[in-house]
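# Have a look; sequence and predicted model below, questions after that.
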Amino acid sequence: MAPLKALLNAAALMAACSTGAHAQHTVRIATEVERIENPLLSNVSPGGVNVVRVIADYAYVLETERTRSRFSAGALLERSSDTVLLASRNYPSLGYTWAYNWPTADLELRANVAEAATRNTQFEELGRVVIDARERTTVTGAIWNKELTERTRLTVDVANNRVTYDSPLLESYREVELTTRFSWEESERSTYFFEPGFGRLTPTGPGVDSTLSRWVVGTRRELSPQLAMTALGGQARTRGLRPATELVGSLQLAFTGNRWTSGAEWTRDVRPIGSASGYVTTDVLGARAGYQIGEGTTLSAGTSRSRWGGPTGGVGHVSNVALEKVLTDRWMTMLSVEDRRFRDLAGVSGRGWGIRAGLVYAYSGL
């Protein structure tokens, strides 16, 4: 409860200091109905479940000449038609960010607490579902940016992440990260950077501590007014439960046209995984595209493939199609279909799908 109390105190202080500053409120409320078949991607499907969600988010931003503060609060209420197959849960979140600007430098302090369902976070990380549980992530950290010269910049990012689960089948852990980036702007359309980093992962149970040493070099370029590219490559070395030395890298392409938007991404990285009790190498290959059919109506589609290492390694796939329509400046509707499937190293596979319809209200003003 200490992180939550600190965030609430910070929000009260921010509201008290709002005299003479520019303040903005943002509210977003969404309701969704979803039909999910085989939500845990079992090799033999136990059937489907209907899920009703209410998602509420609020943000308050306060800006002065030198400072910027942002307080956010949210909640996701999820109700299932079959609580044996998929539990009904509530997932709250709180966040606070404070930033101060100097003429050639800036400092940002951040803290947030958020809860989520592991059936979603595990699939994003591993491409599969190990168990349906509650995941709480607490993050505190700071980012320091400094302009060294007219074209060079130094960034130092420190973060303390704590991830806990309400299931004994998943290993809670704490990770301390330190990342430094030195970037050089060759021109308005091209930037190079060098980024060394260090991490230490400590399981809360009897597991072994793991460390990560990582460095990458890369570039960001505007290939044309509509096309942008980011590419990087380097090496990561882990020590602990599964010591290894891996090549890491990423390539991202993004296109923005009058009606079309599209992108493609390949990423190979090393990240902490609670279900694996340590650092695991992951590969992600994905593509997305969107087309504005008419005024306020957008059709989008995406697909991705995730591969992860370790003793529970395997491959996961997800594909989705979504249709969004803006009704007014505050109301929007959406309809989406998603297909998920995975196969592990032992040949065990599972597949599931979902169809979702929702209505969204969004407001932003003084």
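Okay, I see it. Keep in mind that this is a model prediction, so the values were computed, not measured. Numbering: from 1, shown residues only.
# Now do the SS call for T149.
Look at T149: counting by DSSP: H, G, I helix; E, B strand; the rest coil, its state is coil.
# Around it, how many other residues sit close by?
By other C-beta atoms under 10 Å, 9 other residues sit near T149. Every residue, glycine included, has its C-beta placed from N, CA and C.
# Give me the distance between it and S183.
Noted for T149: a distance of 11 Å to S183, by C-beta to C-beta, to the nearest Å.
# Ok, T140 next?
25 Å.
# So for these two, which residue has more residues nearby?
Between T140 and S183, counted using other C-beta under 10 Å, S183 has the larger neighbour count: 19 against 16.
# Adjacent strands (with direction) for the helix or strand encompassing that one?
Using DSSP states H and E, S183 maps to strand 173-187. Here strand 173-187 is paired, per DSSP bridges, with strand 152-165 (antiparallel), strand 190-203 (antiparallel).
# and of those, who's closest to L335?
strand 152-165 (32.4 Å; C-beta to C-beta).
# So what's the gap between the closest one and the chain middle?
Offset of strand 152-165 from its chain centre (C-alpha atoms, centre = their mean, to the nearest Å): 14 Å.
# same question for it, mean pLDDT?
When pLDDT is averaged over strand 152-165, the result is 96.
# Same question for stretch 288-300.
94.
# do you know how far the residue nearest to V176 when sequence neighbours are not counted is from R307?
Computed as C-beta to C-beta, 6 or more residues apart in numbering, the closest residue to V176 that is not its neighbour in sequence is R200, at 5.0 Å. Distance of R200 to R307, computed by C-beta to C-beta: 25 Å.
# Off-centre distance for stretch 137-147?
Chain-centre distance of stretch 137-147: 16 Å, with C-alpha atoms, centre = their mean.
# Tell me the buried residues in that stretch?
When burial is assessed from 16 or more other C-beta atoms under 10 Å, stretch 137-147 yields the following buried residues: T138, V139, T140, G141, I143, N145.
# Next, find the distance separating the residue nearest to V176 from D157.
Distance of R200 to D157, computed by C-beta to C-beta: 15 Å.
# where does this structure have low pLDDT?
Applying pLDDT under 70 to the chain flags residues 1-20, 274-277, 310-312.
# What lies in contact with stretch 74-87?
By C-beta atoms under 8 Å, 6 or more residues apart in numbering, the surrounding residues in contact with stretch 74-87 are 36, 39-40, 46-47, 49-58, 88-94, 117, 119, 132.
# Which ChimeraX command selects the buried ones in those?
Of these, the buried ones go into a single ChimeraX selection, burial set by 16+ other C-beta under 10 Å:
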select :36,39,40,49,51,53,55,57,89,91,93,94,117,119,132
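# Mind checking which of the contacts of stretch 74-87 land in strands?
Per DSSP state E, strands hold the following members of those: 36, 49-58, 89-94, 117.
# if you skip the residues just before and after it, what's nearest to T121?
In space, and not counting its chain neighbours, T121 is closest to E135: 5.6 Å by C-beta to C-beta, 6+ apart.
# how about the CA coordinates for the helix or strand hosting that neighbour, as PDB?
Using DSSP H and E, E135 sits within strand 134-147. What follows is strand 134-147, C-alpha atoms only, in PDB (Å, rounded to 0.1, in the frame of the first residue of the first chain):
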ATOM      1  CA  ARG A 134      -3.300 -11.800 -11.400                       C
ATOM      2  CA  GLU A 135      -0.100  -9.800 -12.100                       C
ATOM      3  CA  ARG A 136       0.900  -6.600 -10.300                       C
ATOM      4  CA  THR A 137       3.700  -4.400 -11.600                       C
ATOM      5  CA  THR A 138       5.200  -1.600  -9.500                       C
ATOM      6  CA  VAL A 139       7.700   0.700 -11.200                       C
ATOM      7  CA  THR A 140       9.700   3.600  -9.800                       C
ATOM      8  CA  GLY A 141      12.400   5.300 -11.800                       C
ATOM      9  CA  ALA A 142      14.100   8.400 -13.200                       C
ATOM     10  CA  ILE A 143      15.300   9.600 -16.600                       C
ATOM     11  CA  TRP A 144      18.000  12.300 -17.000                       C
ATOM     12  CA  ASN A 145      18.500  14.000 -20.400                       C
ATOM     13  CA  LYS A 146      21.500  16.300 -21.000                       C
ATOM     14  CA  GLU A 147      22.500  18.200 -24.200                       C
END
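# before we move on, the earlier item: same list, the buried residues of stretch 137-147, but as TSV with distance to A301 please.
Formatted as TSV, the buried residues of stretch 137-147 follow (distance: C-beta to C-beta, whole Å):
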residue	distance to A301
T138	35
V139	32
T140	37
G141	35
I143	34
N145	36
